[in-house]
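Engineer: no FASTA, just this:
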Ligand code: NAP
C-alpha cells in the first residue's frame, strides 16, 4: 500500500518536472520538438499515476473513455489539416473545460452542503471557468470554422449586459460559499456562466480569435488547477497553473505584436472597425509581373528575403519555398526568411511550417532583426502574407492597425507579392503595399507560383 502511494507520488512529481521542462523546450524552435516529447511523456506518467489511484472503484468506464478519447484524438490529429488547427484547438479546449466543469459538478453532488469554504470556492471557480470556457470555445470554433459569421456580433448596451451577467455569476459564487447547500444557486451559476462564455466571444472578430483562444486556454488551465485543489491532486494543480499562466502570457505577447491591449481585443469589436475601413477608396493600379522577369531578378540578386504568411499555409507551399531557396543558394544568393510573430493563424505557425520543410533555423529572422536588413535586400518575396506587411500600420495613424509592428518590405529594392487575387488579409483592410511602384504582383496559388519560379530560376 505504502509502496503504491510513493509510486503514485513519484509519477506525479516526474510528470510535473517533465511539464516544466517541456514548456521550456517549447520556447525555442530548435528545442520545441524535444519539449513536446517531454511533455507527452509527462502526460503518460500522470495518466499512469492516476490509473493506480486508490479511489478508483472500477476500470470499465475508464477504459471506455480512454478508447473513445484516443480514437477521437487520433482521428483529429490525422485528418484535421494544419490550416484548421486553430478551430481544432478551440474544440479541444471546449472538451477539456467541460470535463473540468463536470468534475466540479460530481464533487458537488457527492459532498454538497458539507463542503467547507475553501473547497466550495475551488469548486465554484472550477465550474464557473470550466462552463464559460466550454461555450466560449464552442463559439470560437464556430467562428473559425465559418459556421457563423466571423465579424463581431454587437448590440447596444452589450458591455453593460455582460458586466451585469458577470456580476450575477460572481454574486452566486459568494452566496454559495456562505450557503453551500443551495443546489439551485449552484446550477444557476453554472447556467449563467455558460451564457457568459457565449456573450464574451460573440463581439470578438475571427481575426482576434487566436488571442481569445489563448485566453480561454488560460481559463481552462486555471479550472484544471482548481480541480486539483478539489481532488487534492498535485499534478493537476501544477499542470493547470502552468497552462493557465502560459496561456495568459501568450495572449499578452500576441496583443503586443499587434500593438493592442487585451481590453481592446475583448471589448473593442476590432473586426467591425475593419469593416468600415473596407469601404476605403481605390489606391491606384497594381502592377502585374511575370515569372520569368522575377526569376532573373532573383537569380542575380545578392540577397532575397522570403516573407511567409497565412497563404503559405493554405497553399502548403513550405517545401517548394525551401526548394527555391536551395536553387538560389546554389547560385550564390543569400536567402533569409522574415518571421512576423502573428503571421498565419496561430503563434509559431510559420516556424512550424518551415521546420517541417527543414529550413535551417539560422535563416529565420524575427521582425526586429530583419527590418534593418530590408534596405540591403534586392528582392523581398511576400508569400501569401498581407496584414503583417501592411505599411499603413506605420504610415497611417488613422488605420485600425496603426502602430502594429510590421515587416517593412517596402524598404527593399524590389518587392514581389505572391497571392491569388485581390483577397484581403484577415483584418479585412486594404493594403497600400500592393499599389506601390516598388511592388510587383505575381498572381496564382503560392505553391504553383513558387514551383514555376524554381523552374525559371534554374533556366535563368
Ligand atoms: P493575412 O493578412 O490573413 O493574408 C493572407 C493572404 O494570403 C490573403 O490576402 C490571401 O490573398 C493570400 N492567400 C490565401 N491563400 C493563398 C494561396 N493559396 N496562395 C497565395 N496566397 C494566398 O495573413 P498574414 O499576413 O499572415 O496575417 C495574419 C493575420 O492574422 C493578421 O491580421 C494577424 O493579426 C491575425 N492574427 C494572427 C495570430 C497568430 O497567432 N498568428 C493571432 C491573432 C491574429 P488572396 O485571397 O488574394 O490569395
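Structural biologist: Looks like it came in fine. From a predicted model like this one, the values you see are computed outputs, not experimental measurements.

Engineer: near the ligand, which residues of the stretch 301-450 of the chain are found?
Structural biologist: 309-311, 314-315, 342-347, 349, 384-388, 418-427, 445-446 (C-beta under 6 Å from any ligand atom). Glycine gets a C-beta too; all of them are placed from N, C-alpha and C.

Engineer: among the residues you listed, which are in helices?
Structural biologist: 310, 311, 314, 315, 349, 446 (DSSP state H).

Engineer: in terms of contact, does the fourth one touch residue 384 like I think?
Structural biologist: Yes. Using C-beta atoms under 8 Å, residue 315 and residue 384 qualify as a contacting pair, with a distance of 6.3 Å.

Engineer: of the two, which one has the most company?
Structural biologist: residue 384 (26 against 23; other C-beta atoms under 10 Å).

Engineer: who's in contact with the more buried one?
Structural biologist: 308, 309, 310, 311, 312, 313, 314, 315, 317, 418, 419, 446 (C-beta atoms under 8 Å, 6 or more residues apart in numbering).

Engineer: can you tell me the closest non-neighbouring residue to it?
Structural biologist: residue 311 (1.4 Å; C-beta to C-beta, 6 or more residues apart in numbering).

Engineer: who touches the one you found in this structure?
Structural biologist: 317, 383, 384, 385, 386, 418, 419, 420, 446.

Engineer: which residue packs closest to the residue of the stretch 101-250 of the chain found nearest the ligand, ignoring adjacent ones?
Structural biologist: In the stretch 101-250 of the chain, no residue comes nearer to the ligand than residue 210, which is 3.3 Å away by C-beta to the nearest ligand atom. Distance criterion C-beta to C-beta, 6+ apart; nearest residue to residue 210, sequence neighbours excluded, is residue 346 at 5.4 Å.

Engineer: again with residue 324
Structural biologist: residue 454 (5.0 Å).

Engineer: tell me which element the one you found is part of?
Structural biologist: Taking DSSP states H and E as the definition, residue 454 sits inside helix 446-459.

Engineer: residues of that helix that come out buried?
Structural biologist: 446, 447, 449, 450, 451, 452, 453, 454, 456, 457 (16 or more other C-beta atoms under 10 Å).

Engineer: quick one: distance of that helix to the chain centre.
Structural biologist: Its chain's average C-alpha position is 31 Å from that of helix 446-459, according to C-alpha atoms, centre = their mean, to the nearest Å.

Engineer: stretch 18-33: how far from the chain's middle?
Structural biologist: 17 Å.

Engineer: who touches the closest residue in space to residue 444 that isn't next to it in sequence in this structure?
Structural biologist: Among residues not flanking residue 444 along the chain, residue 420 sits closest, at 6.4 Å (C-beta to C-beta, 6+ apart). Contacts for residue 420 (C-beta under 8 Å, 6+ apart) come out as 311, 443, 444, 445.

Engineer: one more pass at 10 Å, please.
Structural biologist: For residue 420, the contact set (C-beta atoms under 10 Å, 6 or more residues apart in numbering) comprises 311, 314, 315, 384, 443, 444, 445, 446, 448, 449.

Engineer: return the per-residue confidence for it.
Structural biologist: pLDDT for residue 420: 96.

Engineer: any chance of the backbone angles for it?
Structural biologist: Dihedral pair for residue 420: phi -80, psi -30, per degrees, to the nearest 10.

Engineer: please shift the residue numbers so they start at 46 in all later answers.
Structural biologist: Shifting the count to begin at 46 puts that one at residue 465.

Engineer: please report how far it lies from residue 487.
Structural biologist: 10 Å (C-beta to C-beta, to the nearest Å).

Engineer: who touches both of the two?
Structural biologist: With C-beta under 10 Å, 6+ apart as the test, residue 465 and residue 487 both reach residue 494.

Engineer: quick one, strands of the protein?
Structural biologist: 348-353, 379-384, 409-411, 424-428, 459-464, 484-488 (DSSP state E).

Engineer: what packs against the fifth one?
Structural biologist: Looking back up the chat, that one is strand 459-464. Counting contacts by 3 or more C-beta pairs under 10 Å, 6 or more residues apart in numbering; DSSP states H and E, strand 459-464 is packed against helix 336-344, strand 348-353, helix 355-360, strand 424-428, strand 484-488, helix 491-504.
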